[in-house]
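**Student:** How does the following fold in three dimensions:
(one chain, ligands or ions: 1)
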Amino acid sequence: MKQNLPNQEPSRYAEEGYCVFYDHLSSDEMQPYQQTLDGMLARIRPGEKPQFMFEPHVGSRHWRTWLGLARNPKILDAVESVLGPNLVLILSHFIIKGTEDNMYVGWHQDQSYWLNGVQGDHLTTVWMPFNPATRQNGCMRILPKTNQPLLREVRAKEDDGVTITTKEVDVTGETVETAVDIELQPGSFSLHDAYVVHGSEPNVSDDLRKIYTMRYANADTTKFRPEKWRIPFFLVRGQAKNLTSYIDIRPPQSLPDQQPDCLLVKNLKNGDDEKIPRDY
Ligand SMILES: O=C(O)CCC(=O)C(=O)O
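**Tutor:** Down below sits the predicted model:
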């Protein structure tokens with residue numbers, strides 16, 4: 001199979017729709033996070049699915065750890081290089097693929113999932129591996145330059161209880177030929193635009209594929225609707241003139257003492273969320 005090389009230039013992010021950042025965090029920096037994630041995976045109960053560990057920076061017992069990672073200055077410098085200086089953390093999610101779950105991620109645009117609470121053309125995802133992400137274990141595949149700021153027609157996909165994608169888009173075989181495999185070691189990460197089309201194949205290796213995603217918005221150009229979002233927005237850097245309701249975690253101030261009071265946390269406490277693992 002032909003291998004297309006990934007873009008490493010933040011200055012080409014706007015055109016390509018993504019960029020990789022190699023070796024930004026050391027193995028010493030990554031290790032505590034890898035250990036924390038492994039503890040979370042060890043607590044998964046029978047019938048629970050690791051790919052549904054949504055919003056750990058708010059809902060998990062390690063929420064402060066994940067909130068801390070989301071404001072890591074090295075990560076925010078990369079995000080700032082493509083979104084500008086005023087940054088809001090909107091979401092996070094572990095996308096873990098098991099060895100036998102056959103989970104693939106269909107071609108999609110992230111923005112089509114978020115319109116309810118976040119609208120804007122300057123949204124990005126940090127896609128960060130906690131073990132090597134390879135073609136064999138189903139690393140993300142990006143279709144470069146598909147990031148025109150418009151939403152493509154989506155095909156609603158039945159929620160089969162396994163997939164995380166329920167809104168897929170059609171792409172031609174010719175476009176798929178241009179796909180770039182985001183193969184990365186821990187310590188490296190990529191950023192992808194919320195309009196760029198991407199997906200991934202199932203994991204056919206003997207080990208889990210462990211990815212964390214952190215999603216950010218440009219605070220100036222994004223329209224936020226906190227009342228429609230089940231977790232708080234967090235200001236991580238710069239200013240947020242367009243956003244009145246948020247939790248300010250800009251370094252060097254300390255992280256909140258209390259787990260944020262929000263719909264997600266209420267649902268988890270009441271057992272009203274049927275997908276997120278109970279004790280993640
Ligand atoms: O991790 C993957 O395979 C896909 C990632 C993805 O869809 C996303 O981060 O938006």
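**Student:** residues in contact with residue 231?
**Tutor:** 55, 58, 59, 91, 260, 262, 263, 264 (C-beta atoms under 8 Å, 6 or more residues apart in numbering). Glycine gets a C-beta too; all of them are placed from N, C-alpha and C.
**Student:** where does the stretch 51-200 of the chain come near the ligand, residue by residue?
**Tutor:** Where the stretch 51-200 of the chain comes near the ligand, counting by C-beta under 6 Å from any ligand atom, the residues are 95, 105, 110, 125, 127, 140, 198, 200.
**Student:** can we see that at 8 Å?
**Tutor:** Selection of the stretch 51-200 of the chain residues close to the ligand by C-beta under 8 Å from any ligand atom yields 93, 95, 97, 105, 108, 110, 125, 127, 138-141, 164-165, 192, 198-200.
**Student:** Which pLDDT value belongs to the residue of the chain found nearest the ligand?
**Tutor:** The chain approaches the ligand most closely through residue 200 (3.1 Å), counting by C-beta to the nearest ligand atom. On pLDDT, residue 200 comes in at 97.
**Student:** Tell me the spacing between it and residue 62.
**Tutor:** Using C-beta to C-beta, to the nearest Å, residue 200 is found at 25 Å from residue 62.
**Student:** So between the two, which is more surrounded?
**Tutor:** Taking neighbours as other C-beta atoms under 10 Å, residue 200 and residue 62 compare with residue 200 leading, 26 against 18.
**Student:** Please name the bridge partners of that one.
**Tutor:** Counting by DSSP bridges, residue 200 forms beta bridges with residue 105, residue 140.
**Student:** May I see the PyMOL selection of the buried members of the contacts of residue 231?
**Tutor:** This is how PyMOL selects the buried members of the contacts of residue 231, with burial counted by 16 or more other C-beta atoms under 10 Å:
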select buried, resi 55+58+59+91+260+262+264
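**Student:** Residues contacting the longest helix along the chain, please?
**Tutor:** Assignment by DSSP state H gives helix 27-42 as the longest helix of the chain. For helix 27-42, contacts defined as C-beta under 8 Å, 6+ apart pick out 50, 53, 56, 60, 62, 65, 69, 94, 96, 130-131, 186-187, 208, 210, 212, 277, 280.
**Student:** How far does it sit from its chain's centre?
**Tutor:** 17 Å (C-alpha atoms, centre = their mean, to the nearest Å).
**Student:** What is the burial count for residue 29?
**Tutor:** Neighbours around residue 29, by other C-beta under 10 Å: 14.
**Student:** What confidence value was assigned to it?
**Tutor:** For residue 29, the pLDDT comes out at 98.
**Student:** close enough to count as contact, the residue of the chain closest to the ligand and residue 140?
**Tutor:** Yes - if you go by C-beta atoms under 8 Å, residue 200 and residue 140 touch, sitting 5.0 Å apart.
**Student:** Please enumerate the shared neighbours of the two.
**Tutor:** Shared contacts of residue 200 and residue 140, defined by C-beta under 8 Å, 6+ apart, are found at residue 105.
**Student:** List the buried residues in stretch 113-126.
**Tutor:** By neighbour count with 16+ other C-beta under 10 Å, stretch 113-126 contains the buried residues 113, 114, 117, 118, 120, 122, 123, 124, 125, 126.
**Student:** go on, stretch 169-180?
**Tutor:** Residues of stretch 169-180 classed as buried: 169, 171, 179, 180 (neighbour count, 16+ other C-beta under 10 Å).
**Student:** swap in stretch 98-107?
**Tutor:** For stretch 98-107, by 16+ other C-beta under 10 Å, it's 98, 101, 103, 104, 105, 106, 107.
**Student:** contacting residues around that stretch?
**Tutor:** Residues outside stretch 98-107 that contact it (C-beta under 8 Å, 6+ apart): 49-51, 95, 97, 138, 140, 143, 157, 162-165, 168-171, 197-203, 205-208.
**Student:** residues in contact with the helix or strand of the chain with the lowest mean pLDDT?
**Tutor:** Using mean pLDDT, DSSP states H and E, the weakest-scoring helix or strand in the chain turns out to be strand 155-156, at a mean of 89. For strand 155-156, the surrounding residues in contact (C-beta under 8 Å, 6+ apart) are 166, 167, 168, 169, 170.
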